Structure formats: structure tokens, C-alpha cells
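Enquirer: the following block contains a protein sequence and its predicted model.
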Amino acid sequence: MSKYGSTDCLLDRRFWTVVAAPASIPKDFPAWDTRLLRLMSRRFVEFTKKRVPSAEVQKMDMRHLEFAEGSFDGVWSSFSLLHIRERDTERTLSAFKSVLRGRGLFFAGLHRGPNTDWVKRPISGMERATYLQEWVQSDIESVVRAAGFKIIISRPFERKGGRYPLLSILAHT
């Protein structure tokens with residue numbers, strides 16, 4: 001068992017990891033989750049290929065998917081949706097859903113805020129201010145449901161020493 005928990009139930013599964021910042025990919029990330037990584041910049045692709053050599057890494061905009069329907073058992077989006085504005089989120093999540101097989105899993109890590117708003121904040125790993133989407137928990141839950149997912153768990157949390165309140169959502173098709 002890794003620090004990410006038991007991954008035995010995910011063996012022989014194909015997951016798509018949506019990554020906006022390659023520094024967020026630990027070198028010891030489970031092999032089941034490094035089969036396919038899609039990043040938003042050529043520089044991130046090169047960095048990630050060096051950091052996780054076993055991964056299949058390509059550049060793609062998550063708002064415009066190039067996958068066939070039913071390509072994956074799960075989508076792991078750890079803090080990548082920060083870069084998608086509220087107005088584009090339902091369409092992006094609907095596209096995520098379309099690439100999932102029956103009862104496919106979707107995970108997202110997001111920033112919580114006092115309002116659902118596009119804000120400028122410093123980001124860990126980037127160490128400069130950038131625009132990102134913050135969410136009120138009930139607002140993003142409504143968008144996840146509108147995109148056709150059933151929420152398994154949605155929980156607010158904070159990282160020890162972290163800058164922002166966070167939210168994780170696990171859902172299925």
C-alpha cells in the first residue's frame with residue numbers, strides 16, 4: 001500500500017490524469033495513474049517526462065478533448081480545474097464524463113472560497129500570482145451533478161501549512 005492508499009482495485013484500469021502543473025506529480029505516484037498524463041504546455045510535458053519516465057505524456061487543452069468516448073475508467077483532476085472558469089466548467093466536466101466507461105470515477109481537488117469567483121492568487125509551485133477559479137462547495141457540487149455525475153463524497157479540507165481552504169470531490173457516472 002502506498003501513501004495514496006491501496007490501489008489493488010485499480011489494477012488493469014486506465015486512468016487519465018489531468019495536470020496543469022507538473023510539480024504536483026510526485027515521483028512515486030502509483031503506476032496505475034501514470035499511464036496517461038495530459039498537460040497544457042510543452043514545457044510541462046518535458047518536465048513531467050523527466051519526473052515520471054514511465055508515464056505517457058502529451059499536451060492537450062482539457063476543455064477540448066481528443067479522446068474517444070469510453071476511453072478511461074477514471075479521471076483524476078487534482079487542482080487542474082482551478083484554471084477553468086466557472087462558465088466553462090460544466091462543459092469541461094461533461095467532456096470528462098464522455099471519456100469515462102460505465103460507472104467511471106471522477107476526482108477533483110479545488111480551491112474553496114467565500115464566493116464562487118475568478119480571483120488572482122499566488123499558487124504553490126508557481127510562486128507567483130495567477131488567476132484561478134475558487135468555489136463555494138454547494139456551487140461546484142451543482143455543476144458536477146449538472147454534468148451528469150453522482151457525487152460519492154464531497155469534503156472540505158485544509159493542508160497543514162497550506163495557503164487556502166480546499167475541497168475534494170469523488171463522483172461516478
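Expert: Nice, I can see it.
Enquirer: which secondary element of the chain has the worst mean pLDDT?
Expert: Lowest on mean pLDDT, DSSP states H and E among the helices and strands of the chain sits strand 37-39, with a mean of 50.
Enquirer: next secondary structure element downstream of it?
Expert: Scanning forward in sequence from strand 37-39 by DSSP states H and E, the next helix or strand is helix 42-51.
Enquirer: mind listing the residues bridging to the residue nearest the centre of the chain?
Expert: Relative to the mean C-alpha position of the chain, the nearest C-alpha, by Cα atoms, centre = their mean, is the one of Ser77, at 0.9 Å. Beta bridges link Ser77 to Val18, Ala108, judged by DSSP bridges.
Enquirer: show me where this structure has its strands.
Expert: Ranges of strands in the chain, per DSSP state E, are 15-18, 37-39, 57-59, 72-78, 100-112, 117-122, 129-135, 150-158, 165-172.
Enquirer: of the ones you listed, which stretch is the most buried?
Expert: Highest mean neighbour count of the strands of the chain: strand 37-39, a mean of 25 (counted as mean count of other Cβ atoms under 10 Å). In short, each C-beta sits where N, CA and C put it, glycine included.
Enquirer: what's the distance between Leu170 and Arg51?
Expert: Applying Cβ to Cβ, to the nearest Å, the value for Leu170 to Arg51 is 25 Å.
Enquirer: same deal with Gly162?
Expert: 22 Å.
Enquirer: tally of neighbours for Glu69?
Expert: 10 (other Cβ atoms under 10 Å).
Enquirer: Leu82 too?
Expert: Neighbours of Leu82 using other Cβ under 10 Å come to 22.
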